[in-house]
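> the following comprises the amino acid sequence and a computationally predicted model.
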Amino acid sequence: MAADAPVRVIEVFVDGLDMAGLGFGRSVPASTGRPGYDPRDLLKLYVWGYFNEVRSSRRLERECRRNVEAMWLMRRLVPDFKTIADFRRDNGAAIVGACRAFVLLCRDAGLFAARLVALDGSKFRAAASAKKIIGRSRIAEETARLDQKIANYLAGLDEADAAEPDERNQSRNGSVRPRLQHPASHQHENRPRPKAKEAPAIPSLRVSTQPGLAGLFV
C-alpha cells in the first residue's frame, strides 16, 4: 500500500477514536460467546465507503473481496452484507459523527481537497485571516449540512439494499426456475399411467393317483 494512500489516513483516524465514548455498540468484546467483528473494522469500512461513494452494503461486501485498499484496511476480513447493514442500523448516529469528524480533519489538514469537494461540494480554508475566519454560526451551519449529507448517504445505502435482489436466494432457487417457467415440458408426469397387465393364473399342483401316473404332480 502506498505511503500516501488515503486508506492509511482512515486507519490511523479510526484507531485513535474512543468508540465507546462515541456510542458504538459492542465496543468492548464480551467475555463469552463467539467474538464478533470489531466495530473499528466496520467503521473503517463505512468511512472508506463514504469516501469512495460505495452505494450499497452488498457492494461494500464485494469490495472487501476484490479492492486492494478495502482488503488492506479490513485485514482481509469479509463481513457479509447483513452484518454491514446491521452495524449501520445499530450505530447510524455514531457513524455520521465519525464521518463528519474525518471530513473536518481532512479539511483542516488540507488532505484530499478535490475528493472532499466532490463529496459535499465545499471545503473549509486552513489559512486564517480576518476575511477567512468563519464564525460559530457558519460552522454550525456547515456541520449540520455535512451531517445531513452523510445521513443521506447512509439512507441511500438502505434504499439500495432494499432494491438489490438477494443474490444468494437467486442462486439457491436457480435450479428450480426452469421448471417454473416451462411447466409444459413436465405435463407427461401428470398423465395417467397404463395399468399393469395381470399375470396368468398358475394352476395348483396335486399328486396324481391315477394308474401309471402315481407320485407325479399334475
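Happy to help now that I have it.

> next one: residue 79, what pLDDT does it get?
The model reports residue 79 with a pLDDT of 93.

> how near is it to residue 51?
Residue 79 sits 18 Å away from residue 51, going by C-beta to C-beta, to the nearest Å. C-beta: built from backbone N, CA, C; applies to glycine.

> got it, and residue 83?
20 Å.

> buried ones in the longest helix along the chain, by neighbour count?
Secondary structure of the chain per DSSP state H: the longest helix is helix 136-163. Judged by neighbour count (16 or more other C-beta atoms under 10 Å), helix 136-163 contains these buried residues: 142, 146, 149-151, 153-154, 157, 161.

> neighbours around residue 100, how many?
By other C-beta atoms under 10 Å, the residues close to residue 100 number 19.

> next: the one 4 residues further on.
Applying the criterion other C-beta under 10 Å, we find 16 residues in the vicinity of residue 104.

> the chain should start at 34 in everything you say after this.
Sure, I'll start counting at 34 from here, so that last one is residue 137.

> elements contacting the one helix or strand it maps to?
Using DSSP states H and E, residue 137 maps to helix 125-142. Helix 125-142 sits against helix 39-48, helix 52-55, helix 72-84, helix 146-153, helix 169-196, with contacts defined as 3 or more C-beta pairs under 8 Å, 6 or more residues apart in numbering; DSSP states H and E.

> so which of these gets nearest residue 130?
Nearest of the helices and strands packed on helix 125-142 to residue 130, taken as C-beta to C-beta: helix 52-55 at 6.1 Å.

> just the C-alphas of the closest one, formatted as PDB.
Provided in PDB are the C-alpha atoms of helix 52-55 (Å, rounded to 0.1, in the frame of the first residue of the first chain):
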ATOM      1  CA  MET A  52     -15.500   4.000  20.200                       C
ATOM      2  CA  ALA A  53     -17.400   3.600  23.500                       C
ATOM      3  CA  GLY A  54     -17.400   7.400  24.000                       C
ATOM      4  CA  LEU A  55     -18.900   7.900  20.600                       C
END
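
> for that helix, the averaged confidence score.
What helix 52-55 shows for mean pLDDT is 89.

> report the buried residues of it.
52, 55.

> am I right that residue 88 sits in a helix?
No - if the criterion is DSSP: H, G, I helix; E, B strand; the rest coil, then residue 88 is coil and not within a helix.

> that one: how many residues sit nearby?
16.

> cool, residue 126 as well?
By other C-beta under 10 Å, the residues close to residue 126 number 12.

> state the distance from it to residue 105.
Between residue 126 and residue 105 the computed distance is 28 Å (C-beta to C-beta).

> surely residue 74 touches residue 108?
Yes - between residue 74 and residue 108 there is a contact at 7.4 Å, judged by C-beta atoms under 8 Å.

> thank you, goodbye.
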